[in-house]
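Trainee: Sequence first, then the predicted structure, then my questions.
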Amino acid sequence: MLPARLLPLLRTPLRLLPRLASSTPMAGEKPVEVSIRSKLQRELEPSQLEVHNESHQHAVPPGAETHFKVVIASSRFAGLPLLQRHRLVNEILQAELAGPVHALSIHAKTPEQWDQNASVSRSPACLGGSKHDPHMAEKLGSQG
């Protein structure tokens, strides 16, 4: 027997299921990550979208959602310089950037650029001052 929460899916046309799956939080996903993914999917209809929570690479509490890398290919970027692409993404994610997101790395390409070169540079190691603060573990522990 299916759980009651899944019964509405039985009445959902098959063509809509992938869209529901991409915008519904899965076990282990975080609300900020899901919000970023769903807003970019809805507004830019990308052919390629990756949202990486890189918070664990920084001096933040476990489970934090403060540092993200977005890799996106969308036809909406055609004819736009890189700066305009970044501004477009920032505008779509303005609520997240004004709230919990401290850092956002954006790799924005057109689908043609993605097909020619799908490589993306690795994020650099965190060199923030807090990493070298001898009292950081104590500070992070007090936030829990």
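Mentor: Done, it's in.

Trainee: CA atoms only for stretch 93-103, dumped as PDB, please.
Mentor: The C-alpha atoms that make up stretch 93-103 are tabulated as PDB, following Å, rounded to 0.1, in the frame of the first residue of the first chain:
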ATOM      1  CA  LEU A  93      18.200  34.400  -6.200                       C
ATOM      2  CA  GLN A  94      18.000  37.800  -4.500                       C
ATOM      3  CA  ALA A  95      16.100  36.500  -1.500                       C
ATOM      4  CA  GLU A  96      18.600  33.800  -0.800                       C
ATOM      5  CA  LEU A  97      21.500  36.200  -1.200                       C
ATOM      6  CA  ALA A  98      19.900  38.600   1.200                       C
ATOM      7  CA  GLY A  99      19.400  35.900   3.700                       C
ATOM      8  CA  PRO A 100      21.200  32.600   4.300                       C
ATOM      9  CA  VAL A 101      23.600  32.600   1.300                       C
ATOM     10  CA  HIS A 102      27.000  34.200   2.100                       C
ATOM     11  CA  ALA A 103      28.800  33.200  -1.100                       C
END
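
Trainee: If you count neighbours, what's buried in it?
Mentor: Buried residues in stretch 93-103, counted by 16 or more other CB atoms under 10 Å: 93, 96-97, 100-101. Backbone N, C-alpha and C define where each C-beta goes, glycine included.

Trainee: what two of those are the furthest from one another?
Mentor: Using CB to CB, the buried residues of stretch 93-103 span at most 10.9 Å, a distance reached by Leu93 and Pro100.

Trainee: Show me the strands in this structure, by range?
Mentor: 48-53, 67-73, 103-109 (DSSP state E).

Trainee: which residues of this protein score low on pLDDT?
Mentor: Across the chain, residues meeting the criterion (pLDDT under 70) sit at 1-29, 128-144.

Trainee: residue ranges of the helices in the protein, please?
Mentor: Using DSSP state H, the helices of the chain run over residues 7-10, 17-23, 31-44, 82-92, 94-98, 111-116, 136-141.

Trainee: residues in contact with the longest one?
Mentor: Right, the one you point to is helix 31-44. Residues outside helix 31-44 that contact it (CB atoms under 8 Å, 6 or more residues apart in numbering): 22-23, 25, 46, 49, 51, 53, 65, 68, 70, 72, 74, 76-77, 88-89, 92-93, 95-96, 100-101.
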